[in-house]
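**Q** model this:
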Amino acid sequence: MFASGSGFVVMLAGRPVGRAGLIKPELRREWRIHEPLPVAELAMTPLLAGVDAVCSPEALPIYPSVQRDLAMLVPPSLTHARVLEVIEKLATPELTDIKLFDIFKGKQIGAGYKSLAYTLTYRSDGKTLTDEEVNEMHAIILKGLQKELQVEIRVG
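**A** Take a look at the predicted model:
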């Protein structure tokens, strides 16, 4: 029924609920269809089982967040997962998000290194954080990364 390599099983919560793909060219020719033809066969009962469920909305934060960027030179063997592990260990509860936004390798940073750049987001549930408070929290993370992973923090 499906063209080679174009069919797949549709899964929902780890269980198959249908299949989809492109119809084989031989079958399309029989039906005088010249363009690719996608089709899907889905079991509607499991797909519609939670349609009436109402999700509880998450309360919006009252106080603003503050972001700080962090870039560092690291050996190629150092993984993103290990960096996250160390940051999370050093972080205060005010650190609410960590995003890797850049990985760079090139002659500008030297052979045998890569640059990893992150945005860290801080927010308190009880007050607006001052720059001084955020800078202190961020400095703890920077110093901890240098000490624990022997990375070079990039400035500027």
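
**Q** rest of the way, CA atoms for contacts and neighbours
**A** OK.

**Q** Next one: residue 156, what pLDDT does it get?
**A** We have a pLDDT of 66 for residue 156.

**Q** before we move on, what about residue 4?
**A** For residue 4, the model assigns a pLDDT of 85.

**Q** Would you mind measuring from it to residue 18?
**A** To residue 18, residue 4 is 18 Å away according to Cα to Cα, to the nearest Å.

**Q** Neighbour count for those two, which is higher?
**A** Between residue 4 and residue 18, residue 18 has the larger neighbour count (other Cα atoms under 10 Å), namely 16 against 11.

**Q** Name the nearest residue to that one, ignoring sequence neighbours.
**A** Leaving out its chain neighbours, the residue that sits closest to residue 18 by Cα to Cα, 6 or more residues apart in numbering is residue 42, at 4.2 Å.

**Q** Correct me if wrong: that neighbour contacts residue 17.
**A** Yes: shown here, residue 42 and residue 17 form a contact pair, counting by Cα atoms under 8 Å, at 5.8 Å.

**Q** shared neighbours of these two, anything?
**A** Among the neighbours of residue 42, those also in contact with residue 17 (Cα atoms under 8 Å, 6 or more residues apart in numbering) are residue 10.

**Q** Please, which helix or strand holds the residue nearest the centre of the chain?
**A** Among the residues of the chain, the one closest to the centroid is residue 99, at 7.6 Å (Cα atoms, centre = their mean). Per DSSP states H and E, residue 99 falls inside strand 95-104.

**Q** in that strand, what's buried?
**A** Of all the residues in strand 95-104, those buried under the rule 16 or more other Cα atoms under 10 Å are 95-96, 98.

**Q** Next: stretch 52-61.
**A** Within stretch 52-61, no residue is scored as buried using 16+ other Cα under 10 Å.
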